[in-house]
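Peer 1: sequence unknown, structure follows:
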């Protein structure tokens with residue numbers, strides 16, 4: 001019996017090491033959107049994205065649109081509203097169920113006006129918003145960097161980084177990247193981040209973001225909006241393994257005492 005107990009005490013740490021070293025499956029990254037640096041499918045956070053637009057063709061004005069991509073180890077609830085009534089759609093029929101592939105504003109003085117409302121199931125310590133859109137030009141036809149003004153409950157984003165995908169040089173995304181058949185227009189991706197947050201479980205947060213007014217009338221299109229909320233909790237699997245390790249050590253001590 002003592003020999004059997006000793007084997008149990010030796011095998012438990014070995015099993016723990018084997019499980020901890022097992023590979024973790026990472027969720028797929030959206031086309032042209034950067035990985036947030038953690039596994040989107042894990043309990044580290046929740047993820048929601050709008051990549052194809054479940055709206056009637058030609059109608060870019062909508063309220064409380066649910067994401068067409070939503071996953072994560074801990075639930076994240078989010079809806080999106082675009083309130084500029086002059087917005088439309090393009091790339092119609094490109095979605096898996098025939099949805100439009102992009103939103104579009106066209107004409108001098110037009111713009112996108114978004115409001116994204118969400119809540120998490122755990123304490124949120126950081127939020128990252130990524131917006132993938134065509135290049136935006138001013139009246140002199142020069143590109144306007146980061147044409148969106150973005151805030152979280154009234155607080156401006158820490159940063160807006162062009163193409164946050166780890167490349168050394170700025171990378172151009174063409175329509176062909178996600179919408180085969182057209183190769184004429186460039187995409188840019190901007191990343192907006194808020195850190196050191198403490199948004200409580202079930203507490204609602206609101207991201208407001210709007211583009212500048214179109215100054216040249218060439219039109220401006222938006223392909224994807226991606227939201228990542230990081231939770232201030234350990235992985236459930238890691239917590240369970242730590243508990244198991246502590247239980248094994250406690251059991252071993254009790255047996256030695258007896």
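Peer 2: Yep, that arrived. Just so it is clear, the structure is predicted and the values come from calculations on it, not from any experiment.

Peer 1: could you list the buried residues of stretch 58-75?
Peer 2: Residues 60, 62, 65, 67, 68, 69, 70, 72, 73, 74 are the ones in stretch 58-75 that count as buried (16 or more other Cβ atoms under 10 Å). Any C-beta I mention is one placed from the backbone N, CA and C, and that applies to glycine too.

Peer 1: quick check: of those, which lies closest to residue 137?
Peer 2: Closest approach to residue 137 among the buried residues of stretch 58-75 (Cβ to Cβ): residue 60, at 19.9 Å.

Peer 1: so the closest one, which of the three states?
Peer 2: Here residue 60 is recorded as coil under DSSP: H, G, I helix; E, B strand; the rest coil.

Peer 1: now do the contacts for the nearest residue to it once chain neighbours are set aside.
Peer 2: Leaving aside its sequence neighbours, residue 60 sits nearest to residue 87 (Cβ to Cβ, 6 or more residues apart in numbering; 3.1 Å). Counting by Cβ atoms under 8 Å, 6 or more residues apart in numbering, residue 87 makes contact with 60, 61, 103, 104, 105, 110, 112.

Peer 1: show the contacting residues for the second one.
Peer 2: If I follow you right, that is residue 61. When contacts are counted by Cβ under 8 Å, 6+ apart, residue 61 touches 82, 83, 84, 85, 86, 87.

Peer 1: same question for the third one.
Peer 2: With contact set as Cβ under 8 Å, 6+ apart, residue 103 has these partners: 53, 60, 82, 87, 88, 89, 90, 112, 221, 222.

Peer 1: which one of the residues you listed has the most neighbours?
Peer 2: Neighbour counts for the contacts of residue 103 peak at residue 53, which has 29 neighbours (criterion: other Cβ atoms under 10 Å).
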